[in-house]
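Asks: My questions concern the predicted model and sequence given below.
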Amino acid sequence: MYHFGQMVLTEVNYEVKKEIDHLKIIAKISKCNSTNNSACETYLEKATLSDLCDIFEMKDTTWSAYLATFTPPIERCPIEAGEYTSNYASGKTDVIDLSAWFSDGLWKTETLLYSGDQLAGCFETHIQIYTPE
């Protein structure tokens, strides 16, 4: 669970079973009732980000700050098979602040990962955005 506003807490574990190159993601973004995760409304049906390998190599970006939190670090493609973990906590939202784009509430992304045209994996992320008083 990610909490934006006062605190960012992440615990992420990715298991990459085979090398990933030419990384592309397709995500569905929904806003959910914070008391009932099953009551969600689709916000964006299909968001596609292509050529992520090019973005990974850019320095001093939101992506590079986030990817640097992983052990081992994810710095470029191909992404080798193995386990990648990130445990990140911050008093500020210096990794990525989604509150600039999304209103307060519980947001869910369902993401498909592709290596070229081949499905390589999937994950779901829950993001709680709130404005402290």
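Replies: Everything's here; your move. Residues are numbered from 1 along each chain as shown.
Asks: Quick check: end-to-end length of stretch 77-84?
Replies: 14 Å (CA to CA, to the nearest Å).
Asks: Can we start the residue count at 658 from this point?
Replies: Sure, I'll start numbering at 658, so the last one becomes stretch 734-741.
Asks: Go through that stretch and flag the buried ones.
Replies: 734, 736, 741 (16 or more other CB atoms under 10 Å). The C-beta positions use only the backbone N, C-alpha and C, and glycine is treated the same way.
Asks: same question for it, mean pLDDT?
Replies: For stretch 734-741, the mean per-residue pLDDT is 88.
Asks: Sort out for me which of the buried residues of stretch 734-741 are in strands.
Replies: In this view, those that belong to strands under DSSP state E are Tyr741.
Asks: Throw the buried residues of stretch 734-741 into TSV and include distance to Tyr771, thanks.
Replies: Putting the buried residues of stretch 734-741 into TSV (distance: CB to CB, whole Å) gives the following:
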residue	distance to Tyr771
Cys734	12
Ile736	12
Tyr741	17
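Asks: so which of the buried residues of stretch 734-741 comes closest to Ile677?
Replies: Ile736 (4.3 Å; CB to CB).
Asks: Let me know whether the closest one touches His679 as I believe.
Replies: No. Shown here, Ile736 and His679 do not form a contact pair, counting by CB atoms under 8 Å, at 10.7 Å.
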